[in-house]
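A.B. asks: Mind folding the following:
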Amino acid sequence: MSKLPSEDPFLTTSTSMTIGGSTSHFILQTDMGVQQLPLGALPELGVSFIRVTWVDLTNTVRYRVLPLSYFYRLLQSAQPGLTVTKSVMGLVLDTMAEGFSPIGEYIYAVDLTSLRVCTYAPGNASVLGFFQAKTNIGKEVDAPVCPRTILQRIVRQAEETLHTRFLVGTETEFVLLRSTVPPVPVNSQGWCASGALMTGAVETQVMEEIAKALIDARIELQVFHSEAVNGQYEVVTGPLPPLEAADVLVHTRETIYNIAHKHGLRATLAPRLRKDKCKYCQLFSYPRKFLVWNLSPVDGSGAHVHISVQKALGSPPSPVWSEKPPLTRVEAQFLAGLLEHLPAVSALTLPLPQSYCRMIDGMHAGGTWVCWGVDNREAPIRLTNETQPKSRNFEVKTIDGTSNPYLVLAGLLAAGTIGIRDELGLVHDNCGDGKTAAEMTREERESKGIHKRLPSDIGTARKYLLEDKKLKELLGEEAVSVFVRVNEVSYVSLLSPTHTCARLRKN
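C.D. replies: Next comes the predicted model:
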């Protein structure tokens, strides 16, 4: 691993500001700002190659590797970036979605604020970017289907028109497997069990190496521990502005996959591992990270996010909306919009048939009812650290690791932004007084404004997304249409026998 020089090469390009303490899940609410790595520091760090990276609509991470010398030359061009076929967003395994063809190219313009050393791959650094049209400089260049562009646009609109800003922290759950045929988890330990991190065990080496790699990459690692499923672990990283938070999540997942592979293990973010409780949860393989296996009575991994909502710097503070639980008006409006549009957003956050095998009542995964509650782990939206205004945040649980992080945050923030823009009233009461929504009678649910259930399958979720006019308008009509077409191909491909065991990749 390349060592950092004695003089810190990272430059903070935005003001660092502490805005609170820790949440109930150890997420320290600190806006660290965008830390840009100076180009001149790369040779000192031992970097020889640049991975120009993007994440497609199926959440497949792709990259091209450039020698550092050629990357420097590339940056001198009028539109710095690589040419990439327009079909890039229509690829599903070896299939192309309807409406895509081999004709036409994008420019994938690199975003130097995302440049980060790949501490899990010595000699490499990665950089993300934006898909843009090949056009004359000065004309509109944004590609409407680019996930990073969509997220950036929504965040900017919220700050510029509603004077609202967001911070996002992420949790990454994954299972470490010793083998995939047959599937064998690294251990049979449980949540926060000391036996899951025994000295000298390969899983302990993997987790400590992951932690060091994230820290060396200047990512704020807050905690890691074993989770409830056999061989399952969780990594929690600190809050950042949404675009950077999504970038960090991509880097975190790549770190996990690569270090597990280095030690002869397989890391999977599969949303459901036990196939006998859901007719869709059949054995299948999907690029590198999604496996469905029969491992334990309660299993599967989520990818929860924590979102804090505050007025932009220099704006008047939002007035108090309620005292019990304490919420500001902007928080209540954001929550109202999120609840109103959550069924439609589920298509983005739970994009596969197997995703809905995890979202059942009694799994601590968020349940099936559209509701929220203070520290209620059976609600899809959990209010955490509610008594601390500067670190209070919403944990959204209806997300798994098969989803594209940029589209996830774009969908969630768009839903909340609609609530703020339209000044929606919060009609759902706190579902946190002893009973979960599933345990309530119909009358009890109605008294709390709980009337809707989340979609139980991806087909219904896609339907809700296509019917949600306000959400489509904010995300972009073309972007939603393209996502749905690609997602339909993903569904068919994953259920095809040719894409099951034949595509299983061994370590």
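A.B. asks: can you pull the pLDDT of I420?
C.D. replies: Predicted confidence (pLDDT) for I420: 97.
A.B. asks: Tell me how far the lengthiest strand in the chain lies from the chain's centre.
C.D. replies: Using DSSP state E to define each element, the chain has its longest strand at strand 164-180. The chain centroid and the centroid of strand 164-180 are separated by 7 Å under CA atoms, centre = their mean, to the nearest Å.
A.B. asks: got it, and stretch 400-416?
C.D. replies: With CA atoms, centre = their mean as the basis, stretch 400-416 stands 6 Å off its chain's centre.
A.B. asks: Find the residue closest to the residue most central in space within the chain in space, skipping its chain neighbours.
C.D. replies: For the chain, P405 is the residue whose C-alpha lies nearest the centre (CA atoms, centre = their mean; 3.2 Å). The shortest distance from P405 to any non-neighbouring residue, by CB to CB, 6 or more residues apart in numbering, is to A246 (4.1 Å). In this view, the C-beta of every residue, glycine as well, is placed from N, C-alpha and C.
A.B. asks: Next SSE downstream of the longest strand of the chain?
C.D. replies: Downstream of strand 164-180, the next assigned helix or strand under DSSP states H and E is strand 183-185.
A.B. asks: Could you list the paired strands of that next one along with their orientation?
C.D. replies: Note on strand 183-185: by DSSP bridges, its sheet partners are strand 164-180 (antiparallel).
A.B. asks: tell me which residues of the strand it pairs with are tucked away?
C.D. replies: 164-178, 180 (16 or more other CB atoms under 10 Å).
A.B. asks: I'd like the average pLDDT over that strand.
C.D. replies: 94.
A.B. asks: Check stretch 82-92 too.
C.D. replies: Mean predicted lDDT for stretch 82-92 stands at 92.
A.B. asks: Need the contact partners of that stretch.
C.D. replies: Stretch 82-92 has contacts (CB atoms under 8 Å, 6 or more residues apart in numbering) with 52, 54, 56-58, 60, 62, 64, 74, 96-97, 99-108, 131, 134, 145, 482, 485-486, 489-490, 493.
A.B. asks: how many neighbours does Y108 have?
C.D. replies: By other CB atoms under 10 Å, 23 other residues sit near Y108.
A.B. asks: just checking, it touches G129?
C.D. replies: Yes: taking CB atoms under 8 Å as the definition, Y108 is a contact partner of G129 at 5.0 Å.
A.B. asks: Endpoint to endpoint, stretch 349-369 covers what distance?
C.D. replies: Using CA to CA, to the nearest Å, one end of stretch 349-369 lies 16 Å from the other.
A.B. asks: I'd like to know how far the residue in the chain sticking out farthest from the centre sits from P239.
C.D. replies: Distance from the centre of the chain peaks at E443, with 35.5 Å (CA atoms, centre = their mean). From E443 across to P239, the span is 39 Å (CB to CB, to the nearest Å).
A.B. asks: Same check on E98?
C.D. replies: As for E98, its distance to P239 is 39 Å (criterion: CB to CB).
A.B. asks: These two: which has the busier surroundings?
C.D. replies: Between E98 and P239, P239 has the larger neighbour count (other CB under 10 Å), namely 29 against 10.
A.B. asks: Mind giving me the packing neighbours of the helix or strand harbouring the more buried one?
C.D. replies: Using DSSP H and E, P239 sits in strand 232-240. Counting contacts by 3 or more CB pairs under 8 Å, 6 or more residues apart in numbering; DSSP states H and E, strand 232-240 packs against strand 28-31, strand 164-180, helix 202-216, strand 221-226, helix 242-262.
A.B. asks: could I get those as JSON lines with distance to G411?
C.D. replies: Output for these, formatted as JSON lines (distance: least, CB to CB, whole Å):
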{"stretch": "strand 28-31", "distance to G411": "22"}
{"stretch": "strand 164-180", "distance to G411": "13"}
{"stretch": "helix 202-216", "distance to G411": "26"}
{"stretch": "strand 221-226", "distance to G411": "25"}
{"stretch": "helix 242-262", "distance to G411": "12"}
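A.B. asks: By mean pLDDT, show me the worst of those.
C.D. replies: Note on the helices and strands packed on strand 232-240: strand 28-31 shows the lowest mean pLDDT, a mean of 33.
A.B. asks: ranges for the strands of the stretch 301-450 of the chain?
C.D. replies: Using DSSP state E, counting those that start in this stretch, the strands assigned to the stretch 301-450 of the chain run over residues 305-311, 320-323, 326-328, 372-374, 381-384, 393-396.
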